[in-house]
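S.K.: Return atomic coordinates for the entry below.
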Amino acid sequence: MKKALLILMLISSFISFSLELKADVITDRVNLIKKLSNEQDLIANIIELYIELYGTNPNSLDTLK
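M.R.: Prediction:
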């Protein structure tokens, strides 16, 4: 009986750890997506500003820099 209880406790611990690890991975991926989205918005705003200032589309990213 003690062995069965110990095995159940180990399985429960492993499942809990596995779920926490998955949650961390999901959180990291969500944060990465947010970061990339913010960078994309920034580039879009810079392009819009360039067009307003110069009346033409930028030829390259180097032009925007």
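S.K.: contacts and neighbour counts: CA atoms only from here.
M.R.: OK.
S.K.: what helix or strand does the residue nearest in space to the middle of the chain sit in?
M.R.: Nearest to the geometric centre of the chain sits Leu32, at 1.9 Å (CA atoms, centre = their mean). Secondary structure from DSSP states H and E places Leu32 in helix 2-54.
S.K.: what is the mean pLDDT for that helix?
M.R.: Taken as a whole, helix 2-54 has a mean pLDDT of 84.
S.K.: now that helix, how far from the chain's geometric center?
M.R.: 5 Å (CA atoms, centre = their mean, to the nearest Å).
S.K.: Residues contacting the helix or strand following that helix, please?
M.R.: Sequence order places helix 61-64 as the next helix or strand after helix 2-54, per DSSP H and E. For helix 61-64, the external contacting residues (CA atoms under 8 Å, 6 or more residues apart in numbering) are Ile46, Ile47, Tyr50, Pro58.
S.K.: Buried residues, helix 61-64. List them.
M.R.: Using 16 or more other CA atoms under 10 Å as the burial criterion, none of the residues of helix 61-64 qualify.
S.K.: Start the count at 48 instead of 1 going forward.
M.R.: All right, first residue 48 from here; so that's helix 108-111.
S.K.: Tyr97: how many residues sit nearby?
M.R.: Tyr97 has 16 neighbours, counted by other CA atoms under 10 Å.
S.K.: Could you report the distance from it to Asn106?
M.R.: 11 Å (CA to CA, to the nearest Å).
S.K.: Only alpha carbons, please: show stretch 67-85 as PDB.
M.R.: Extracted as PDB, the C-alpha positions of stretch 67-85 are listed here (Å, rounded to 0.1, in the frame of the first residue of the first chain):
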ATOM      1  CA  GLU A  67       4.000  24.200 -15.000                       C
ATOM      2  CA  LEU A  68       6.700  23.700 -17.600                       C
ATOM      3  CA  LYS A  69       4.100  23.900 -20.400                       C
ATOM      4  CA  ALA A  70       2.600  27.100 -18.900                       C
ATOM      5  CA  ASP A  71       6.100  28.600 -18.800                       C
ATOM      6  CA  VAL A  72       6.700  27.700 -22.500                       C
ATOM      7  CA  ILE A  73       3.300  29.200 -23.400                       C
ATOM      8  CA  THR A  74       4.000  32.400 -21.500                       C
ATOM      9  CA  ASP A  75       7.400  32.800 -23.200                       C
ATOM     10  CA  ARG A  76       5.800  32.300 -26.600                       C
ATOM     11  CA  VAL A  77       3.100  34.800 -25.900                       C
ATOM     12  CA  ASN A  78       5.700  37.300 -24.700                       C
ATOM     13  CA  LEU A  79       7.700  36.800 -27.900                       C
ATOM     14  CA  ILE A  80       4.600  37.300 -30.100                       C
ATOM     15  CA  LYS A  81       3.800  40.500 -28.200                       C
ATOM     16  CA  LYS A  82       7.400  41.700 -28.700                       C
ATOM     17  CA  LEU A  83       7.400  41.000 -32.400                       C
ATOM     18  CA  SER A  84       4.000  42.600 -32.800                       C
ATOM     19  CA  ASN A  85       5.300  45.800 -31.000                       C
END
